[in-house]
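Student: Provide a 3D model corresponding to the input given below.
(chains A and B)
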Amino acid sequence: MLFSSITFLYYFLPAMLLVYFIAPKDFRNAVLVLFSLLFYAWGEPKYVFLMTGTIFAGYFAGLIIGRYRGSKFGKITYLLALFVCLFLLAYFKYADFFIKSFSDATGLSVKLLNIALPIGISFYTFQLISYIIDVYRGDVEAQKDPVKLFAYISMFPQLIAGPIVRYRDIEKTLSERGVSFDSVREGIIRFAMGLGKKVIIANQLAGLCDIVKTTDNNSVLFMWTYAVAAALHIYFDFSGYSDMAIGLGKILGFTFPENFDYPYISGTITEFWRRWHMTLGSWFRDYVYIPMGGSRVGKVRLIFNLFVVWMLTGLWHGAAWNFVLWGLLFAVLLILEKLFFYKSIDKTRVFKHIYVIFIVLISFVIFSGDSLSQIGTQLLDMFGFGGLPLVSEVTIYYLRSYMVIILLGILGATPLVKRLYKWVKGKAPIALVGVLEPIVVIGILLLSTAYLVDGSFNPFLYFRF
Amino acid sequence: MRENWSKITVISVAIVFYGFALLCWFKPADDISEVERRELAKMPELSMDSFAEGSFMDEFEEYAVDQIPFRQGFRTVKAAIGIYALGQLDNNDLYVDEGYIIDMEYPLDVDSVERAADRFTDVYNKYLLDTDVNVYMSIIPDKNYFNDNDVYPIMEYDKMVEIMCENMEYSTYIDIFGELKLEDYYKTDTHWRQEKIISVAEKLGTSMGANIDTEYEQMKVDKTFYGVYYGQMSLPNQGDELYYLTNHTIDDCTVYDYENSRDISMYDMDAATGRDPYEMYLYGPLSLVTITNPNADTGKELIIFRDSFGSSIAPLLATGYSNVTMVDIRYISPEILGNFIEFDNQDVLFLYSTSVLNNSETIK
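Tutor: Numbering: from 1, shown residues only, chains lettered A, B, ... in the order given. The predicted model follows:
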């Protein structure tokens, strides 16, 4: 089930919230689990058992690791639990990718397993891994109440698209959480903003990307328009979904970590990754990069560490070579910045932003590509080596038609709107803000509904994660 | 103070949200959408199988979208915001120019056009080759052809004609593009207006050696006609007046519908006030219809392979022939045509709109 669907907005969510707030506090985790299982089963009726089994395995593993921490048995259980999690991820997400790559490389024709990717497996597996590692390290105590662990892993707001929440971040709120009008108000506003970002901006930009990909009348300008639209689409889609998740969390009494912090205003790629998909970045930092030695190693080892981490980051986003290439591109740039030009580029005022935007545009063309050959063609087309005209009649038409949405996207990707909101809030009488706020929220909700009703483009970017 | 304003936000949003959700849950389901001219999804049946297979969920998603309260209002809001606030130049590939809702038929799908020509050639090879029929071909432009505002992309119509002529060398092409202008079409529908295509019928008739009547009485349907684009565009637009032409010859014609084995009339007056008033012309999408003109001063017969545009021009062409048979191979397989028609010494006209040629997957 998508947050940006009529079923979720007007059937699932009101029913869930009603039951959740009517239920006694002690039963709220159970309500959350039941509705989360329904939410997941709605999209993956068969794989709900896989997720349930995985969580149960993680629950018992956590108990054993916690009980026998420091002993050989505890370590074996820990390694076994990690192996099971990684095996499931590898099997369901990467088996066919590895088989196909092997077949392509050797010329052998190995039959694909044709396994459907369970939605959200990358997210819930990573959360479970972080829990198991944290219990093993002694950073958190094993959760004895299976309902609470289920609530943590399967909680529907963050189940299929993140943010990747650490157990330690919500350990206390799983047991005791309060909800106030302030926090619910914050949650409602955040959810509405996310819904608007996803439905009104991201879906339109996805439509534009689709038009460019399928047109027979392409041009160099159209390819650059595509690059901009793809970069904005991915940002608004992803961050919109994170906003909705964080907002829903607030309404339910949880505080989820932030996932995006205006990444397109970054001055370096290092900074970009501090602002983009922050929970994934910190997960890889804490559970892969630092255990490998992090930056406190020799140059060769550092380069190796970064390549491993970024190849895995790329692969996490999808089982295809373009994601590996995408990750490795960032690995190269981060290594170059770390070793050579981070300080010099950071000193520039304008160039650093041009540099980041240029790299990001290229990177998201790679990210959005359907195959390496298509990506190669697209990049050649962008730089005028594909034999395309500079501009075409169709380019002009769609540029004009999508100009406002693209400009809104560019503005919305900067903190300007947030600053403007704060400025208005500071200047305007509180009564006016109090009246306008619900009107704007309801307006966004209804406008998003209108876009969903008219069958607009509503792809789900997270199916491959 | 702050808590109070938070209360106002939360409570007012909750009232609207739950109010609307309750409407979604308890609004009786509608059977059809008049504006969109289609049946709406029904509540799917819940069973273990339908849930396990996921079909219940898929169908429920459709049901939820189709049956949402104020559906048409939401569609209008989306269209208006898209065009007037976000500056989009079309809504669902439709745009309005001088009050005419126009489908942006673009780009040219060469494969589709070639496929259509191949289907027609199959018919030619099976039934017309080695007979003494005269084969003609004509193409009806869609409304986007007349767009001259340099904003909307236009399909390469010349290339479409070229492809059709190259692939149907056995036919004589009759060019009617110059006989038409935007005003000859309905504002809210894809089709041409019967009262505006007398010159087109005359041109076709003359090219095929038939004398088509040019004098008709113009009759008006009382109900305003809102065509198929009106519902798709979802923005307020002036409706159309619907006319039909008649004269003594047309009045005396008899019409036989092979599909339903019945005699029908040239114009279906029930359809004129029904869901799709354009279906008044020869009862709309019928696969095989024959018009017999008892007053014809010629023995000439005409067979038209046609799409829906043919329904409104056929009565006019019938005035110049003793017999006009209309075949819509979107609804009848060409394989069985021989059971109904003997192809011998007739004029055969392939008359298709650019929209159908460019989206020819429906042609059998």
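
Student: alpha carbons only for contacts and neighbour counts from here, please
Tutor: OK.

Student: Please report how far residue A:194 lies from chain B.
Tutor: Computed with C-alpha to the nearest C-alpha, to the nearest Å, the distance linking residue A:194 and chain B is 16 Å.

Student: ok, residues contacting whichever strand or helix holds residue A:193?
Tutor: Per DSSP states H and E: residue A:193 is located in helix A:181-196. Residues outside helix A:181-196 that contact it (C-alpha atoms under 8 Å, 6 or more residues apart in numbering or on different chains) are A:3-4, A:239-253, A:441, A:444-445, A:447-448, B:3, B:6-7, B:9-10.

Student: Next, the buried residues of the following helix or strand past it.
Tutor: Once helix A:181-196 ends, the next helix or strand along the chain (criterion: DSSP H and E) is helix A:203-214. Using 16 or more other C-alpha atoms under 10 Å in any protein chain shown as the test for burial, helix A:203-214 gives A:203-209, A:212-213.

Student: Going by distance to chain B, which of these wins?
Tutor: residue A:204 (9.8 Å; C-alpha to the nearest C-alpha).

Student: quick check: domain ranges of the chain?
Tutor: I'll assume chain A. A:6-177, A:183-464 (automatic domain parsing).

Student: could you do chain B instead?
Tutor: If you go by automatic domain parsing, chain B breaks into B:2-74, B:100-362.

Student: my guess is residue A:148 is in a helix, correct?
Tutor: Yes. Secondary structure assignment places residue A:148 in a helix (DSSP: H, G, I helix; E, B strand; the rest coil).

Student: what sits against it?
Tutor: With contacts defined as C-alpha under 8 Å, 6+ apart, residue A:148 is in contact with A:29, A:174-175.

Student: Mind listing what's buried along stretch A:218-226?
Tutor: A:218-226.

Student: In helices only, show me the contacts of residue A:148.
Tutor: A:29, A:174-175 (DSSP state H).

Student: Can you show me the strands along the stretch 251-364 of chain B?
Tutor: B:254-257, B:262-264, B:288-292, B:301-306, B:323-327, B:347-353 (DSSP state E, counting those that start in this stretch).

Student: Nearest to chain A, out of those?
Tutor: The nearest among these, by C-alpha to the nearest C-alpha, is strand B:347-353 at 22.2 Å.

Student: Can you mark which positions in that closest one are buried?
Tutor: B:347-353.

Student: Could you dump those into JSON lines with distance to residue B:82 and pLDDT added?
Tutor: Putting the buried residues of strand B:347-353 into JSON lines (distance: C-alpha to C-alpha, whole Å; pLDDT from 0 to 100) gives the following:
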{"residue": "B:347", "distance to residue B:82": "49", "pLDDT": "95"}
{"residue": "B:348", "distance to residue B:82": "46", "pLDDT": "96"}
{"residue": "B:349", "distance to residue B:82": "42", "pLDDT": "97"}
{"residue": "B:350", "distance to residue B:82": "39", "pLDDT": "97"}
{"residue": "B:351", "distance to residue B:82": "36", "pLDDT": "97"}
{"residue": "B:352", "distance to residue B:82": "33", "pLDDT": "96"}
{"residue": "B:353", "distance to residue B:82": "29", "pLDDT": "96"}
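
Student: can you give me the helices for the stretch 251-364 of chain B?
Tutor: B:309-317, B:354-358 (DSSP state H, counting those that start in this stretch).

Student: most packed of those helices?
Tutor: Stretch with highest mean neighbour count among the helices of the stretch 251-364 of chain B: helix B:309-317 (a mean of 24; mean count of other C-alpha atoms under 10 Å in any protein chain shown).

Student: Any chance of TSV for the strands of the stretch 251-364 of chain B, columns distance to residue A:307?
Tutor: Compiled in TSV, the strands of the stretch 251-364 of chain B are given as follows (distance: least, C-alpha to C-alpha, whole Å):
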stretch	distance to residue A:307
strand B:254-257	73
strand B:262-264	76
strand B:288-292	68
strand B:301-306	63
strand B:323-327	66
strand B:347-353	58
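
Student: Could you save the ones you listed as JSON lines and add columns showing distance to chain A?
Tutor: Below are the strands of the stretch 251-364 of chain B laid out as JSON lines (distance: least, C-alpha to the nearest C-alpha, whole Å):
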{"stretch": "strand B:254-257", "distance to chain A": "37"}
{"stretch": "strand B:262-264", "distance to chain A": "38"}
{"stretch": "strand B:288-292", "distance to chain A": "35"}
{"stretch": "strand B:301-306", "distance to chain A": "29"}
{"stretch": "strand B:323-327", "distance to chain A": "34"}
{"stretch": "strand B:347-353", "distance to chain A": "22"}
